[in-house]
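K.L.:
give me the fold of what follows.
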Amino acid sequence: MTTAPATAVGRAVPWVQLTLALTAQLAESVLVATPAFLIPLLHSEQGLSLAEAGLLAGAASLGLVLTLVAWGAVADRRGERFTITTGLVLGFGAALGAAFASGYVWLGVFLVLGGMAAGSASSASGRLVVGWFPRERRGLAMGIRQMAQPLGTTVAAVAVPPLASAYGMRGAILLSVVLCGVLAIATAVGIRDPHRVSHAPGGRPLEANPYVGGGFLWRIHAVSLLLVVPQFALSTFGLVWLVSQLEWAPLAAGALVGGAQFVGALGRIVVGVWSDRIGRVRLLRRIAVAGIAILLLLGALAALRWPAAAAIAFVIATCVSVADNGPAFTSVAEFAGPAWAGRALGAQNTGQFLAAAAVGPGMGALIGLVGYPLAFALIALAPAAAWPLIPRRDREHGDAVA
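P.N.:
Next up, the predicted model:
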C-alpha cells in the first residue's frame, strides 16, 4: 500500500525542481526587467533625461552580464540549492536597497547589485533541470524552464507601470522584494541537488575541462551568438517598423509584438519536445534554415508594404528567432557535464547578452543606411553563418568531439 504513493512522490520530484527553477528565474527576471518599465516615471515625472533614465534601466542588465560565469562556478562547486537561494537572498537585499535608495546614484548601485544577484538562477536553474530529468525529457523540461525570462518580463510589463502610478517607484520595486524573498524561502526548503555520478560515460573524469580537446562547446556558443542577432533585432525594432513603415496604430503594434513574444515563449516547449525526438543539433540546423527563409520573406514583404502578410511573417520570424535557445542551452549542459555545466551555461548566456547589446546600435545603423526591408533580409546572414558551425550530431560529456 505504501509503494504507490512513494513512487508517485518520486516521480513528482523532478517537476517540483523544475517549478522552483522556473519561478526562481522568473523572480530574478522581474528584478532585471523592472527598471525599463520605470522609464516613463523617471523621465516625465522625476525629470531625468531619456539618456539618464535609460542608463538606470540598463544597470541591472550590466550587473547580470558581469556575474553569469561566476555564479556558474559557484553552482559547479556548491550545488544548485546554495547558488539559487543565495542569489535570491542577495537579490532581496539589493531590491530592498533600491526601493529605499536616497538619490539616483545609490539607486543605480543597488540595481547593478540586483542584476549581479540575478545571475544565480540563470546559471544554476538550467543545471538543476538537466540533473533531474533524463535525456529523453530534458528538451521538454528545458523548454518550460526557458519560458522564465519572457514570463518575467511580461509580469514586469503588466505589474510595474500600475504599481509605479499608484505607489511610486518604491512600490514598483517592492514587487521584486516580495518575489525574491518568497522564492528564497521556497528554494531553500524545496530544492534538492540532483545525484551526481563520479565519472562520465567511458570513465572520463567529470572534472575534465570540456573546452579542451574539441570544439563542440565553442561551436554551440558561436552558433547561439549568431542566432541571437535576429531575435533582438526583431524585438527591438519590430514596434517602430510597424508604426513608422506600415502605419499601424501604436496600441495594435504593441499588441502584435507582445503577442509574438508570448507565442514564441510557448513555442519553446514545442521545440523542446521536438529536440527530445530528433536531437538538439539536428533541430538547430532546421531552425537556422527556417530563420534564413523567413527573414528573407519578411524583407520582401516589408519592401512590398503588404501590412497583413508582413505582420504574419514578423510573428513567424519572431517565433523562429527564439526557438534555438532551448536546444542550444540543453546541448551545452549535456556536453559540459555536472562539474562544468554551471560555468558553460554562464558563458553561453554571457555571449548572448553581449551580442544582444551590440544588436541595438548595429541594427539601428543598418536600418538608417539601407532601410527596414533590406536590413531584415541582411540579418538572414546571421543564421546563414551559423548553419555550417552547427555540429553534425549531439554530444554528451565524455564523447569524442568531431
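K.L.:
state which helix of this structure is the longest.
P.N.:
The residue-count maximum for a helix in the chain (DSSP state H) belongs to helix 148-190.
K.L.:
packing partners of it?
P.N.:
Judged by 3 or more CB pairs under 8 Å, 6 or more residues apart in numbering; DSSP states H and E, the packing partners of helix 148-190 are helix 3-33, helix 80-99, helix 104-132, helix 250-278. Heads up, the C-betas are built off the backbone N, CA and C, glycines and all.
K.L.:
among these, which is nearest Gly214?
P.N.:
Distance to Gly214, taken as CB to CB, is lowest for helix 104-132 among the helices and strands packed on helix 148-190, at 19.5 Å.
K.L.:
centre of the chain to the closest one, how far?
P.N.:
In terms of CA atoms, centre = their mean, to the nearest Å, the centre of helix 104-132 is found 12 Å from the chain centre.
K.L.:
what is that helix packed up against?
P.N.:
Contacts defined by 3+ CB pairs under 8 Å, 6+ apart place helix 104-132 against helix 3-33, helix 50-57, helix 59-78, helix 80-99, helix 135-145, helix 148-190, helix 325-336, helix 341-370.
K.L.:
next, the angle helix 50-57 makes with the fourth one.
P.N.:
Right, helix 80-99. Relative orientation of helix 80-99 and helix 50-57, computed by axes from the mean of the first three to the mean of the last three CA atoms, to 10 degrees: 150 degrees.
K.L.:
tell me what helix 80-99 is packed against?
P.N.:
Packed next to helix 80-99, using 3+ CB pairs under 8 Å, 6+ apart, are helix 3-33, helix 59-78, helix 104-132, helix 148-190.
K.L.:
Gly272 is nearest to which of the helices and strands packed on helix 104-132?
P.N.:
helix 135-145 (2.5 Å).
K.L.:
check contacts around the spatially closest residue to Ala148 that is not a sequence neighbour.
P.N.:
Among residues not flanking Ala148 along the chain, Gln25 sits closest, at 3.8 Å (CB to CB, 6 or more residues apart in numbering). Residues near Gln25 by CB atoms under 8 Å, 6 or more residues apart in numbering: Ala121, Ser122, Ser125, Arg145, Ala148, Gln149, Gly152.
K.L.:
go with 10 Å
P.N.:
Contacts for Gln25 were tallied using CB atoms under 10 Å, 6 or more residues apart in numbering; they are 84, 87, 118, 120-126, 145-149, 151-152, 183.
K.L.:
quick one: it from Ile269, how far?
P.N.:
Per CB to CB, to the nearest Å, Gln25 is found 15 Å from Ile269.
K.L.:
with Ala36 instead?
P.N.:
When distance is defined by CB to CB, Ala36 is 26 Å away from Ile269.
K.L.:
same thing with Trp106?
P.N.:
Remark: distance between Trp106 and Ile269 (CB to CB) = 41 Å.
K.L.:
and what of Trp241?
P.N.:
Note on Trp241: its distance to Ile269, by CB to CB, is 28 Å.
K.L.:
give me the more crowded residue out of these two.
P.N.:
The neighbour comparison of Trp241 against Ile269 (other CB atoms under 10 Å) goes to Trp241, with 23 against 19.
K.L.:
nice, that's everything, thank you.
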